[in-house]
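Participant: I'd like to go over a predicted model; first the sequence, then the structure.
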Amino acid sequence: MDVFQHILLRYAKQGANDTAIAACIIAWGTNMGLGRMGEVSDIKYHTLSTTSDNFIRLETLSEANNRVCNAIAELPIFQYYNIGETIHSSSDGQKFETRIHTINARYSPKYFGLKKGIVSYTLVVNNVPANATIIGANEHESHYVFDILFNNTTDIQPEVHSTDTHGSNEVNFAILHLFGYQFAPRYLDIYDKISTSLYGFKHPSQYGGILKPIRKTNTGLIIDEWDNIARIMVSLALKTTTQSIIIGKLSTYARKNKTKRALWEYDNIIQSLYLLNYVDSPPLRSNVQQALNRGENYHQLHRAISFANFGKLRFKTEYEQQIWNECSRLIANCIIYYNVAILSNLLSYKEKTGSIQEIEQVKRISPIAWQHINLHGRYEFSKQTGSINIDTIVQELVHLPIRFDLLV
């Protein structure tokens with residue numbers, strides 16, 4: 001709550017009211033709206049509206065999310081969420097229909113029929129939604145993979161990043177490799193991908209065996225255009241431009257443009273190395289799928305939090321959509337922190353009294369769960385409640401069998 005400073009800072013006449021700020025966050029995050037929250041809670045709409053205008057901003061919400069994410073990373077059980085002994089992240093988009101047609105709302109017949117909607121594109125690192133942004137339903141998700149990774153300001157920095165097939169394009173392998181990330185997408189049809197996207201440093205006729213490249217990589221072109229490639233990477237590193245803008249500009253160039261072709265050739269090298277590893281390593285394929293499953297689990301939680309108005313957004317501007325997205329992510333992070341805190345205490349108890357099998361099972365329990373969270377009903381923020389006793393909860397949990405459908 002400390003990050004929610006008044007917009008006027010030291011010139012403000014109104015002090016921060018934590019209960020009103022919490023009510024505003026829930027009103028925005030659940031898609032309920034301040035008006036409806038004023039009807040179903042013990043805080044009036046006027047107070048909610050004033051508090052929201054003065055304290056709820058993208059910068060305060062982003063910093064609040066960062067603090068909760070960092071607190072989750074400090075809990076004892078968090079280290080066991082690594083996949084293959086590395087911090088493995090994933091990013092994917094989630095479609096939300098909009099009742100009010102904002103400037104970024106677009107048609108998507110597969111998801112909205114004749115309606116319009118937007119996409120909440122989220123970076124999930126070790127079960128934690130570390131960053132998120134709003135994009136149009138017509139935009140390709142692969143154009144935002146680097147941006148959402150590079151703009152992650154939490155302490156949880158991934159080493160490997162996965163997407164589905166929709167997250168890969170002609171340059172993502174090159175860009176992420178140059179910035180120290182290992183790009184590890186999942187392919188629906190690996191045979192088709194290998195037969196059309198494998199390149200080598202020699203002519204295909206010089207390779208034996210089953211897997212053969214389709215052509216020789218033009219390394220000379222990469223060397224000649226390396227200075228131009230470096231300029232593009234420096235622009236991304238300094239954040240003077242974004243990946244989506246870079247790809248948009250490259251797309252306007254002629255197909256035979258040397259810089260574009262050189263970047264593609266470099267991407268082909270990194271992608272070919274990954275494809276060979278992907279085919280040869282079942283653990284890698286399993287790790288990629290596990291990372292993507294965690295993203296899908298977060299999407300289910302995100303959908304459950306944004307339950308009001310049948311999950312259809314009613315915000316008038318793109319800025320309000322971003323406020324909703326950050327508030328719902330903050331609520332999700334708080335739920336995940338609560339779960340990870342319980343699991344950390346449960347793990348400590350099992351390490352003292354339980355068997356090795358029980359300890360390993362606790363390490364594999366997903367913290368993305370909300371069956372024990374009641375998001376519906378009337379909200380009472382001024383009612384005095386006692387603090388949550390985690391030890392009492394753990395003492396009750398130790399006598400219950402672990403459900404295998406919760407293991408990840």
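Facilitator: Yep, it's here. Model, not experiment: these values are computed from the prediction. Numbering: from 1, shown residues only.
Participant: any idea how far Lys212 lies from Ile135?
Facilitator: Taking CB to CB, to the nearest Å as the measure, Lys212 falls 38 Å from Ile135. For the C-beta atoms, the positions are set from N, CA and C on the backbone; glycine is no exception.
Participant: Can you tell me how far the closest residue to Tyr81 other than its chain neighbours is from Phe78?
Facilitator: Taking CB to CB, 6 or more residues apart in numbering, and ignoring the residues beside it in sequence, Tyr81 has Asn126 as its nearest neighbour in space, at 4.0 Å. To Phe78, Asn126 is 7 Å away according to CB to CB.
Participant: Neighbour count for the two, which is higher?
Facilitator: Per other CB atoms under 10 Å, whichever of Asn126 and Phe78 has more neighbours is Asn126, with 23 against 20.
Participant: Check what pLDDT that one gets.
Facilitator: On the pLDDT scale, Asn126 is placed at 95.
Participant: cool, and His161?
Facilitator: 97.
Participant: Show me what the helix or strand hosting it packs onto, helices and strands only.
Facilitator: Per DSSP states H and E: His161 is located in strand 160-162. Helices and strands touching strand 160-162, as assessed by 3 or more CB pairs under 8 Å, 6 or more residues apart in numbering; DSSP states H and E, comprise strand 88-98, strand 182-183, helix 282-305.
Participant: Apart from its neighbours in sequence, what residue is nearest Thr30?
Facilitator: If you skip the residues right next to it in sequence, Thr30 has Ala308 as its closest partner in space, 5.0 Å away by CB to CB, 6+ apart.
Participant: what do you get for Phe201?
Facilitator: If the residues on either side of it in the chain are set aside, Phe201 comes closest to Thr217, at 5.9 Å by CB to CB, 6+ apart.
Participant: Poorly predicted segments of the stretch 151-300 of the chain, please.
Facilitator: Within the stretch 151-300 of the chain, the set of residues satisfying pLDDT under 70 is empty.
Participant: which residues of it fall in helices?
Facilitator: Per DSSP state H, counting those that start in this stretch, the stretch 151-300 of the chain carries helices over the ranges 172-178, 190-197, 219-224, 226-237, 243-252, 258-280, 282-305.
Participant: For the fifth one, buried residues please.
Facilitator: Using 16 or more other CB atoms under 10 Å as the test for burial, helix 243-252 gives 243-244, 246-247, 250.
Participant: What is the helix ranked longest in the chain packed up against?
Facilitator: Longest helix in the chain, counting residues (DSSP state H): helix 318-353. Contact partners of helix 318-353 among helices and strands, from 3+ CB pairs under 8 Å, 6+ apart: helix 18-29, helix 58-73, strand 116-125, strand 128-136, helix 282-305, helix 356-363, helix 390-397.
Participant: That one to helix 18-29, inter-axis angle?
Facilitator: Orientation check (axes from the mean of the first three to the mean of the last three CA atoms, to 10 degrees): helix 318-353 against helix 18-29 gives 110 degrees.
Participant: who does the residue most central in space within the chain bridge with?
Facilitator: Residue closest to the average C-alpha location in the chain (CA atoms, centre = their mean): Leu123, at 1.8 Å. Per DSSP bridges, residues listed as beta-bridge partners of Leu123: Ser91, Asn131.
Participant: what's the neighbour count on the residue lying closest to Ser49 once chain neighbours are set aside?
Facilitator: Among residues not flanking Ser49 along the chain, Leu34 sits closest, at 5.6 Å (CB to CB, 6+ apart). Summarising burial for Leu34: neighbours were counted as other CB under 10 Å, giving 21.
Participant: Leu34: what's it in contact with?
Facilitator: Neighbour list for Leu34: 24, 27-28, 45, 48-49, 52 [criterion: CB atoms under 8 Å, 6 or more residues apart in numbering].
Participant: in its sheet, what does the strand holding His161 sit against?
Facilitator: Here the strand partners of strand 160-162, with direction, are listed using DSSP bridges: strand 88-98 (parallel), strand 182-183 (parallel).
Participant: what's the most buried one of those?
Facilitator: Comparing the strands paired with strand 160-162 by mean neighbour count (mean count of other CB atoms under 10 Å), strand 88-98 comes out on top with a mean of 23.
Participant: for the longest helix of the chain, which positions count as buried?
Facilitator: Going by neighbour count (16+ other CB under 10 Å), the buried part of helix 318-353 is 320-347, 349-350.
Participant: Kindly report the same for stretch 44-58.
Facilitator: Taking 16+ other CB under 10 Å as the neighbour-count basis, stretch 44-58 is seen to contain the buried residues 45, 47-48, 50-52, 54-57.
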